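Asks: have a look; sequence and predicted model below, questions after that.
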Amino acid sequence: MKRKLFTAFFASLFVVGILIGGYACTTPSEDYVTEQELRSIIRDELRGFLTQEQIIQLINNSIPPNVSEERIRQIIAEELKGSLTQAQIDQIIKAVGQGLTEAQIRDIIKQETEKIATGWKILNYNVKKEDWVWNDKAAQYEVVADIPELTKFIYEEGAAIGYVFIGTQGDDEVQKILPYVNTYSGKNDDGQTVYFTETISCDFQFKDGGKSTVAFFIKSSDLFKDPDAPQNYSFRVVLIW
């Protein structure tokens, strides 16, 4: 997996480097970065993605001088096939005739590496029986928790999936994806058997500044405030990007 991600990172950055190197040869300007500045940008932007050893290997690869647009297109087709979409490839090719500032280079590196890289994070939430709060307007029990790991990129481009553990750990425990719906039976005030469904669900709300939240709910199909509904539950959230 690491090898595949490194190859994708190197391929995209290699092309960006070629574009900058090739274009700067014919159109010198103070707005365009030098190869040395480009290498510094790569170090800064990829520090969170690659190990120091991988960064050194990456920036030590030479950038061929005077690369033609035709050759750039060929490299893109060979190296980035399957890693980038055609729209992303077209965006890189289009940059050949425009020149790139340092800010643009940083933006491309961030955008393209985020789209290529695949990652995940697992978060566990233990909710106690007394933590549940009844929302009379929505007719449901609720618990809201912070989830600062939910970034705008994950919220808009990735996935957030919730699970709940049902049963006793080490005995009959199972992991259920949310929403989890189950049917129960009980007795009404007249002693008659009634049936109802209970839904355990969650939702995610993105907020800037690491203030995103995840909310868990317990709701009965008859909207009854069942005093036995709130229990100790263990939830798992998986963030994928």
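Replies: Sure, I can see it. Numbering: from 1, shown residues only.

Asks: mind listing residues that contact the lengthiest strand in the chain?
Replies: Longest strand in the chain by number of residues, with DSSP state E as the criterion: strand 193-205. The set of residues that contact strand 193-205 without belonging to it, under CB atoms under 8 Å, 6 or more residues apart in numbering, is 147, 150, 155, 160, 162, 164, 178-188, 212-222, 224, 226, 229, 233, 235, 237. Backbone N, C-alpha and C define where each C-beta goes, glycine included.

Asks: ditto for stretch 126-138
Replies: Taking CB under 8 Å, 6+ apart as the criterion, the residues outside stretch 126-138 that touch it are 140-143, 216, 218-219, 225, 229-235.

Asks: mind picking the two most distant members of those residues?
Replies: Taking CB to CB, the two most distant members of the contacts of stretch 126-138 are K225 and S234; they sit 23.3 Å apart.

Asks: looking at those two, which is more packed in?
Replies: In this view K225 and S234 are compared by other CB atoms under 10 Å, and S234 has more residues nearby, 15 against 11.

Asks: can I see the domain layout of the protein?
Replies: 2-116, 120-240 (automatic domain parsing).

Asks: rank those by pLDDT, which is bottom?
Replies: The minimum mean pLDDT among the domains of the chain belongs to domain 2-116 (a mean of 52).

Asks: on that earlier part again, got the buried residues for the longest strand of the chain?
Replies: By 16 or more other CB atoms under 10 Å, the buried positions in strand 193-205 come out as E198, I200, S201, C202, F204.

Asks: do stretch 164-173 as well
Replies: Burial within stretch 164-173, assessed by neighbour count using 16+ other CB under 10 Å, is assigned to V164, F165.

Asks: so what touches that stretch?
Replies: The contact list for stretch 164-173 (CB under 8 Å, 6+ apart) reads V174, Q175, K176, L178, Y180, I200, Y233, S234, F235, R236.

Asks: how about the strands in the chain?
Replies: According to DSSP E, the chain carries its strands in the segments 120-127, 133-135, 140-146, 159-166, 174-177, 180-187, 193-205, 213-220, 233-240.

Asks: parallel or antiparallel, list what pairs with the first one.
Replies: It refers to strand 120-127. Note on strand 120-127: by DSSP bridges, its sheet partners are strand 233-240 (antiparallel).

Asks: ok, the third one next?
Replies: Using DSSP bridges, the strands paired with strand 140-146 in its sheet are strand 133-135 (antiparallel), strand 213-220 (antiparallel).

Asks: in that strand, which residues are buried?
Replies: Q140, Y141, V143.

Asks: now render those as JSON lines, adding distance to T168.
Replies: Formatted as JSON lines, the buried residues of strand 140-146 follow (distance: CB to CB, whole Å):
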{"residue": "Q140", "distance to T168": "26"}
{"residue": "Y141", "distance to T168": "22"}
{"residue": "V143", "distance to T168": "21"}
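
Asks: identify, from the residues you listed, the entry nearest to N124.
Replies: Distance to N124, by CB to CB, is smallest for V143 among these, at 13.9 Å.

Asks: would you check how far apart the closest one and K176 are?
Replies: Between V143 and K176 the distance, using CB to CB, to the nearest Å, works out to 17 Å.

Asks: rewinding a little: and the buried residues of strand 193-205, which is closest to W241?
Replies: For these, the residue nearest W241 by CB to CB is F204; the value is 13.3 Å.
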